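**Q** Whatever this is, show me its structure:
(4 chains)
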Protein chains: 2
Amino acid sequence: MARGSTRPTSRDVAEAAGVSQAAVSLVLGDKWRGRVSPTTAERVRHAAQELGYRPNLAARNLRLGRTRTVLLVVPALTTEFFAGVYTGAARVAAQHGFGVVLYPSPEGIGPARDPFGSAQAALDGVIASSMAADALTAIRGDQLPLVMLDSDPTGSQGAATVNLDIADGVRQVTDHLLELGHRRFLHLAADIPSWTFEVRARELASRLCETPGTSLRATRAPISFEDALTATQTALTTPGPRPTAVICDDDKLAAGAYKAARRLGLRIPDDISITGLDDLALARALDPELTTVRLDAERFGEQGMKALLAVLDGRTPPQEDIPVELVVRGSTAPPSA
Amino acid sequence: MARGSTRPTSRDVAEAAGVSQAAVSLVLGDKWRGRVSPTTAERVRHAAQELGYRPNLAARNLRLGRTRTVLLVVPALTTEFFAGVYTGAARVAAQHGFGVVLYPSPEGIGPARDPFGSAQAALDGVIASSMAADALTAIRGDQLPLVMLDSDPTGSQGAATVNLDIADGVRQVTDHLLELGHRRFLHLAADIPSWTFEVRARELASRLCETPGTSLRATRAPISFEDALTATQTALTTPGPRPTAVICDDDKLAAGAYKAARRLGLRIPDDISITGLDDLALARALDPELTTVRLDAERFGEQGMKALLAVLDGRTPPQEDIPVELVVRGSTAPPSA
DNA sequence: AGGGAGAAGTTATACGTAACACTTGGGCGT
DNA sequence: ACGCCCAAGTGTTACGTATAACTTCTCCCT
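**A** Below you'll find the predicted structure:
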């Protein structure tokens, strides 16, 4: 019988099975072949089951010097996108006996002092989405293996990076609209200082530079319906020829653009085309459904975790960008003029 | 200087500061008043800073017998709702020096064998959203303190429960529609066997029973746009007088109902009223904006964590339901007939 | 018959931390 | 002058696990 309140240890199991603690460790660690007889092994397993034995992970971690736990830092959890990243990362992790702890931080990893805030777990490595430069150095100083998601590969101080091919997504959107005949564009940009948004702006600008006869206006807004609405409304009522297509940095911004268009009495897509980026469930809830770029969040998370596992094994992580896919729906059409 | 690759321990700090390891532990644990002189304490802190010392959490956890880490089990991460629950729980946890590890499980906690899947962290307690009965017993057997969210208080085997006052939300929605003059209702129910959805159905039915001259149809669908669309479309084209109001178990289902209404050529809210439940960002992206019930997810998470902390302290957790609030927007109006 | 190889274990140890119990030296009251 | 107390530490131990190193015993080959 269990002696009251405290959880049984491997020693309790050993006593119950009439063997030494070492034998228990061997059996339960599946290293008993040729070291313990099958009947004894079975006896140990039975005793463990009987007592409801669960290994003490703190002790195991201390002994082994590793925790098989990694930290995933995401800027926010409020979107399906990072939920998907987590799901993918956790799936791969589980296949390798790893756990994933989440640290949602509004501003990526915090300052050098206590960079992980409340993430208490003992860690083997870190996957981070957005991160201040000094925090990056702090982590590097901690010697913690690090993989960065959607970050500038040239500024990563040697950390491995895994990126979505956002630039290609922007190219696909732009080409799609150009083929439809659009020439005057509005870029509704996310007001967040992050590499992934810089890439959007840069790629869009350079693509349109190559095409004569095009014009590009840009406006910025925090990622929220209200802000996106007012920013778009202002931009569309500015004097001069009105843009015929709005390219948004993500789907939520696009939803704000929808509202702005409606408020101005513009029909989508007849009077104005709108595109997003993410392909959230929201994209198909809008009316008409949103033309957008599908980001495979789960695959992104998977690749991030695979890269981290590679680093942990001392291997070189793969370095290919994850492809993205244009999804054409009802929010884009040839311009009416 | 650090001796190469391995991370510095408290003993390294002690050596650098010229004191014993015990003194380092006292100083860094802030228990040095009256035991170590201020100047020595400062010297220790400086040495720790210099070496970039970080305590080994595995060792600390083993020594203290607790981890200051709790597990939050959520059915899915794909919605802002559980993101909010996590945010609230993590905030309260951080205030008490706790960390929160997330375990998103499609079916709540798994079967008795290895109930936490890949959640490897050593835990002090568990907060769980939805859970199979046998998994519940398994955890109880583990002696892990447990708080259950939105679960049947009578079936919780003595575990503490924290609930949103969903029944009141359903009452508010129903009364709102009744006051507008609606009498024929369609209930678009989530096809998920969970207490929180049972409450919705039960409360709605009992509320309408009390009001003579009302009728209630019900249909079920998994929480996805496509399924909600087809289910609603079928239900609305069934022979007999058409319902004038659709009450949906959550906002995502409502978005599906919007599409079904549009496909049938019904205008919202002129021809049909639609209500949701959650108040996701989606609710304000829809056109017209959705009348729904606001659930304060963060407060929910906070209360859950507070309850767990109470259990960990041996106190009795508070047992009040968290109030919810009807938010009337553009998707409800008096019936046209 | 002798010994070497393997099977079937056991004993002992280290991981890094926190805290209890102990030591030392000086200051102070009477 | 004696004892006592307090400041300022140090020595030691235990937490539960995994594993290297050791011990027995039996079997089998030459």
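
**Q** Helices of the stretch 51-200 of chain A, start to end?
**A** A:57-64, A:80-95, A:133-141, A:166-180, A:195-210 (DSSP state H, counting those that start in this stretch).

**Q** Packing partners of the fourth one?
**A** It refers to helix A:166-180. helix A:195-210, strand A:245-248, strand A:273-275, strand A:292-294, strand A:325-327 (3 or more CB pairs under 8 Å, 6 or more residues apart in numbering or on different chains; DSSP states H and E). Using the backbone N, CA and C atoms, a C-beta is placed for each residue, glycine as well.

**Q** Just want the angle from that helix to helix A:195-210.
**A** Here helix A:166-180 points in a direction 40 degrees away from that of helix A:195-210 (axes from the mean of the first three to the mean of the last three CA atoms, to 10 degrees).

**Q** now do the second one
**A** Taking the same axes, to 10 degrees, one finds helix A:80-95 and helix A:195-210 inclined to each other by 120 degrees.

**Q** of all the helices and strands packed on helix A:166-180, which lies closest to DNA strand C?
**A** DNA strand C sits nearest to helix A:195-210 of all the helices and strands packed on helix A:166-180, at 34.8 Å, using CB to the nearest atom of the strand.

**Q** Pull out the buried residues from that closest one.
**A** For helix A:195-210, the buried set under the neighbour-count rule, 16 or more other CB atoms under 10 Å in any protein chain shown, comprises A:Trp195, A:Thr196, A:Phe197, A:Val199, A:Arg200, A:Ala201, A:Glu203, A:Leu204, A:Arg207, A:Leu208.

**Q** Tell me the secondary structure at A:Glu302.
**A** The three-state assignment at A:Glu302 reads helix, by DSSP: H, G, I helix; E, B strand; the rest coil.

**Q** For it, which residues are in contact?
**A** The neighbours of A:Glu302, taking CB atoms under 8 Å, 6 or more residues apart in numbering or on different chains as the test, are A:Gly88, A:Ala89, A:Arg91, A:Val92.

**Q** again with A:Ala90
**A** Residues near A:Ala90 by CB under 8 Å, 6+ apart: A:Gly99, A:Val100, A:Gly301, A:Met305, B:Pro104, B:Ser118.

**Q** hmm, back to that, in the contacts of A:Glu302, which has the lowest confidence score?
**A** In terms of pLDDT, the weakest of these is A:Arg91, which scores 86.

**Q** Show the pLDDT at the closest residue to it other than its chain neighbours.
**A** Leaving aside its sequence neighbours, A:Arg91 sits nearest to A:Glu302 (CB to CB, 6 or more residues apart in numbering or on different chains; 6.6 Å). Note on A:Glu302: pLDDT of 95.

**Q** Distance check, A:Glu302 against DNA strand C.
**A** Using CB to the nearest atom of the strand, to the nearest Å, A:Glu302 is found at 32 Å from DNA strand C.

**Q** who in chain A is up against DNA strand C?
**A** Neighbours of DNA strand C within chain A, by CB under 7 Å from any atom of the strand: A:19-23, A:26, A:34-37, A:39-40, A:62-63, A:65.

**Q** Could you pick out the buried ones from the residues you listed?
**A** In the residues of chain A next to DNA strand C, burial by neighbour count holds for A:Val19, A:Ala23, A:Leu26, A:Val36, A:Thr40, A:Leu62, counting by 16+ other CB under 10 Å.

**Q** would you put the C-alpha positions of stretch A:153-171 in PDB?
**A** Output of stretch A:153-171 as PDB, limited to C-alpha atoms (Å, rounded to 0.1, in the frame of the first residue of the first chain):
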ATOM      1  CA  PRO A 153      18.800  35.700 -41.500                       C
ATOM      2  CA  THR A 154      21.600  38.300 -41.700                       C
ATOM      3  CA  GLY A 155      20.900  39.700 -38.300                       C
ATOM      4  CA  SER A 156      20.500  36.500 -36.400                       C
ATOM      5  CA  GLN A 157      24.000  36.300 -34.900                       C
ATOM      6  CA  GLY A 158      24.500  32.800 -36.200                       C
ATOM      7  CA  ALA A 159      21.200  31.400 -34.900                       C
ATOM      8  CA  ALA A 160      19.400  29.100 -37.300                       C
ATOM      9  CA  THR A 161      16.400  30.700 -39.000                       C
ATOM     10  CA  VAL A 162      13.300  29.200 -40.600                       C
ATOM     11  CA  ASN A 163      11.200  31.400 -42.800                       C
ATOM     12  CA  LEU A 164       8.100  31.300 -44.800                       C
ATOM     13  CA  ASP A 165       8.500  32.500 -48.400                       C
ATOM     14  CA  ILE A 166       6.600  35.700 -47.700                       C
ATOM     15  CA  ALA A 167       8.300  37.500 -50.600                       C
ATOM     16  CA  ASP A 168       7.000  34.900 -53.000                       C
ATOM     17  CA  GLY A 169       3.500  35.300 -51.600                       C
ATOM     18  CA  VAL A 170       3.600  39.100 -52.100                       C
ATOM     19  CA  ARG A 171       4.900  38.400 -55.700                       C
END
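
**Q** and it, which residues are buried?
**A** A:156, A:159-171.

**Q** Tell me the one among those residues nearest to DNA strand D.
**A** Nearest to DNA strand D among those is A:Ala160, at 26.7 Å by CB to the nearest atom of the strand.

**Q** what's the spacing between the nearest residue to that closest one once chain neighbours are set aside and A:Leu144?
**A** Spatial nearest neighbour of A:Ala160, chain neighbours left out: A:Pro317 (4.4 Å); criterion: CB to CB, 6+ apart. For A:Pro317, the distance to A:Leu144 equals 15 Å [CB to CB, to the nearest Å].

**Q** and what of A:Leu280?
**A** Separation of A:Leu280 from A:Leu144 (CB to CB): 32 Å.

**Q** These two: which is more packed in?
**A** Taking other CB atoms under 10 Å in any protein chain shown, A:Leu280 and A:Leu144 do not tie; A:Leu280 has more neighbours (25 against 18).

**Q** Enumerate every residue touching the more buried one.
**A** Contact analysis of A:Leu280 by CB under 8 Å, 6+ apart lists A:Thr79, A:Glu80, A:Phe81, A:Asp251, A:Lys252.

**Q** In this structure A:His182 contacts A:Ile247, no?
**A** No - using CB atoms under 8 Å, A:His182 is not in contact with A:Ile247, being 9.6 Å away.

**Q** and the closest residue to A:Ile322 other than its chain neighbours, what does it touch?
**A** Take A:Ile322 and drop its neighbours on the chain: the residue closest to it by CB to CB, 6+ apart is A:Leu164, 4.9 Å away. Shown in contact with A:Leu164 (CB under 8 Å, 6+ apart): A:Asp150, A:Thr196, A:Leu295, A:Asp296, A:Phe300, A:Asp321, A:Ile322, A:Val324.

**Q** Which pair in the residues you listed has the greatest spatial separation?
**A** The span of the contacts of A:Leu164, defined through CB to CB, is set by A:Thr196 and A:Asp296 at 14.9 Å.

**Q** and the buried residues of stretch A:153-171 as JSON lines, adding pLDDT?
**A** Putting those into JSON lines (pLDDT from 0 to 100) gives the following:
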{"residue": "A:Ser156", "pLDDT": "76"}
{"residue": "A:Ala159", "pLDDT": "85"}
{"residue": "A:Ala160", "pLDDT": "90"}
{"residue": "A:Thr161", "pLDDT": "92"}
{"residue": "A:Val162", "pLDDT": "95"}
{"residue": "A:Asn163", "pLDDT": "95"}
{"residue": "A:Leu164", "pLDDT": "96"}
{"residue": "A:Asp165", "pLDDT": "97"}
{"residue": "A:Ile166", "pLDDT": "97"}
{"residue": "A:Ala167", "pLDDT": "97"}
{"residue": "A:Asp168", "pLDDT": "98"}
{"residue": "A:Gly169", "pLDDT": "98"}
{"residue": "A:Val170", "pLDDT": "98"}
{"residue": "A:Arg171", "pLDDT": "98"}
